[in-house]
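> Pasted the sequence and its predicted model underneath.
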Amino acid sequence: MKINTDFLGIGWSFPPEFNQTEGTLGMTTDVKDINNSLMILLSTRPGERVMFPNYGCDLQEMLFKPLDLTLITQMKGIIERAILYHEPRINILSIEIDAQDELEGEVLIEIDYEVRNTNTRSNMVFPFYKREATEI
């Protein structure tokens, strides 16, 4: 029995892909569409979308703060709130922050989630780079 996943929707691929010969736009569905949506949500600052000013996750505010337990807890809260308000298709199972490459300027955010209507479990890893604007 095939599970109906039409409720998950269909969206543009991220980053957008265009096929000029066929005149089509790359689209994604199911869990890949959810992962793309999460990538967009985590990389968008609140206020960047003119018609949707509350959309986004303000991780950039944490860019130059020392990465201690307090900041990790704060990051998890910001991510959880953003997903709760802007990605209704999933339930968060866990959010883990991997800071082992912090000195190289990279923090990995791993989100384990469950698709609400199918109980399908999945995860995605979002690389958050702390070295922006340092290559002068």
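In hand now; what should we look at?
> What residues sit buried inside the host helix or strand of Q74?
For Q74, the host element (DSSP states H and E) is helix 69-86. Within helix 69-86, the residues that count as buried by 16 or more other C-beta atoms under 10 Å are I72, M75, K76, I78, I79, A82, I83, H86. C-betas here are computed from N, CA, C, even on glycine.
> In this structure the third one contacts I83, no?
In this case it means K76. No: the pair K76 / I83 is not scored as a contact, 10.7 Å apart, by C-beta atoms under 8 Å.
> Can you name the residues in contact with the helix holding Q74?
38, 41-42, 54-59, 62, 65, 90, 92, 95, 97, 99, 109, 111, 113 (C-beta atoms under 8 Å, 6 or more residues apart in numbering).
> Quick one: mean pLDDT for that helix?
For helix 69-86, mean pLDDT rounds to 94.
> all strands of the protein, in order?
Along the chain, counting by DSSP state E, strands occupy 10-12, 18-19, 24-25, 27-29, 90-98, 106-115, 121-129.
> Return the most buried member of the ones you listed.
The highest mean neighbour count among the strands of the chain, using mean count of other C-beta atoms under 10 Å, belongs to strand 106-115: a mean of 18.
> what separates that one from the chain centre, distance-wise?
Distance of strand 106-115 from the chain centroid (C-alpha atoms, centre = their mean, to the nearest Å) equals 8 Å.
> Restricting to C-alpha, output it in CSV.
Taking C-alpha atoms only, strand 106-115 is exported to CSV below (Å, rounded to 0.1, in the frame of the first residue of the first chain):
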residue,chain,number,x,y,z
GLU,A,106,31.9,25.6,11.1
VAL,A,107,29.1,24.4,13.3
LEU,A,108,26.9,21.6,12.1
ILE,A,109,23.2,21.7,13.1
GLU,A,110,21.5,18.2,12.9
ILE,A,111,17.8,18.2,13.0
ASP,A,112,16.0,14.8,13.4
TYR,A,113,12.3,15.0,12.6
GLU,A,114,9.2,13.1,11.8
VAL,A,115,6.8,13.9,9.0
